[in-house]
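Engineer: sequence and predicted model, in that order:
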Amino acid sequence: MSPDPLPKQPDAPTSEGIVATVGKQWDIADQKVAASVTIARENADRPDIVRSETTVALSFLPEAQPGELALARARAAKSDPKEVAAATAFGKNLLASIDKNWAKVEADNREALRVSQLKDARIEELTAEVERVKKDMASQTWTWIGGALAVAGALCTAFLGPRLGLPLIGCGMLCGAVPFIIESEYFAIIVGTTLAASAVLLLWVLWDKARDQVNAKPYEPPKD
């Protein structure tokens, strides 16, 4: 069964620190601007304080474009309460829209981080599954080889004798045990023991063959 599909990752940075840092810096700048403008309004009768505090406020803002400056100058010259109210309402609505969009950016950032972590987990899961399949295939290969050698050994034992058949059966059993041996914590001990046993078996086969040759009856020509 295939795993559940991953959700779509939002178009947002996956590092939570980037958005959090920008948000904090933005909040600090907004608070300082608001504080300076508030102090300037509280001291409207003192031009020096108004000038100094608005200078501080402007340091946190980009340079005003000529078009916006012209609108503000025209509004100040008219001093029409309706225009001031309309401009104030526009500012509040724009700020609310900015706050809403920024909240969405933060939410998308959290979701992007969550989906990114899900993808990383899925990659690890698939990698582990690939490794498991490789091990299973290797295990099955050794099992088939071991089975084939065991069958060949049984046939050789039946038709050619145990001398040839039994070693094949032993090799088949060894091949079938290879996957378990490799994963065992006693791998080095098992391999060393197997090599030693194989060497002893080889020496026995050579000794037995040499003994047969020594004990073989010499060839005698047929008598007339």
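Structural biologist: That came through fine. Numbering: from 1, shown residues only.
Engineer: CA only for contacts and neighbour counts going forward, please
Structural biologist: Will do.
Engineer: if I look at residue 157, how far off is residue 175?
Structural biologist: 19 Å (Cα to Cα, to the nearest Å).
Engineer: with neighbour numbers in mind, choose between those two.
Structural biologist: Here residue 157 and residue 175 are compared on neighbour count by other Cα atoms under 10 Å; more neighbours surround residue 175, at 23 against 18.
Engineer: what pLDDT does the more buried one get?
Structural biologist: pLDDT, residue 175: 71.
Engineer: check which helices and strands the helix or strand hosting it sits against.
Structural biologist: Residue 175 is part of helix 162-183, with elements assigned from DSSP states H and E. If you count contacts as 3 or more Cα pairs under 8 Å, 6 or more residues apart in numbering; DSSP states H and E, helix 162-183 packs onto helix 81-159.
Engineer: quick one: the helix it packs on to chain centroid distance?
Structural biologist: 7 Å (Cα atoms, centre = their mean, to the nearest Å).
Engineer: domain assignment for this protein?
Structural biologist: Following automatic domain parsing, the chain resolves into domains at 16-124, 184-214.
Engineer: kindly reformat those domains as CSV containing mean neighbour count, distance to residue 148 and mean pLDDT.
Structural biologist: Formatted as CSV, the domains of the chain follow (neighbours: other Cα atoms under 10 Å; distance: least, Cα to Cα, whole Å; pLDDT from 0 to 100):
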stretch, mean neighbour count, distance to residue 148, mean pLDDT
domain 16-124, 14, 36, 87
domain 184-214, 12, 20, 75
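Engineer: distance to residue 141 added to those, as a markdown table?
Structural biologist: Below are the domains of the chain laid out as a markdown table (distance: least, Cα to Cα, whole Å):
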| stretch | distance to residue 141 |
| --- | --- |
| domain 16-124 | 26 |
| domain 184-214 | 18 |
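Engineer: identify the residue nearest the geometric centre of this structure.
Structural biologist: residue 120 (2.8 Å; Cα atoms, centre = their mean).
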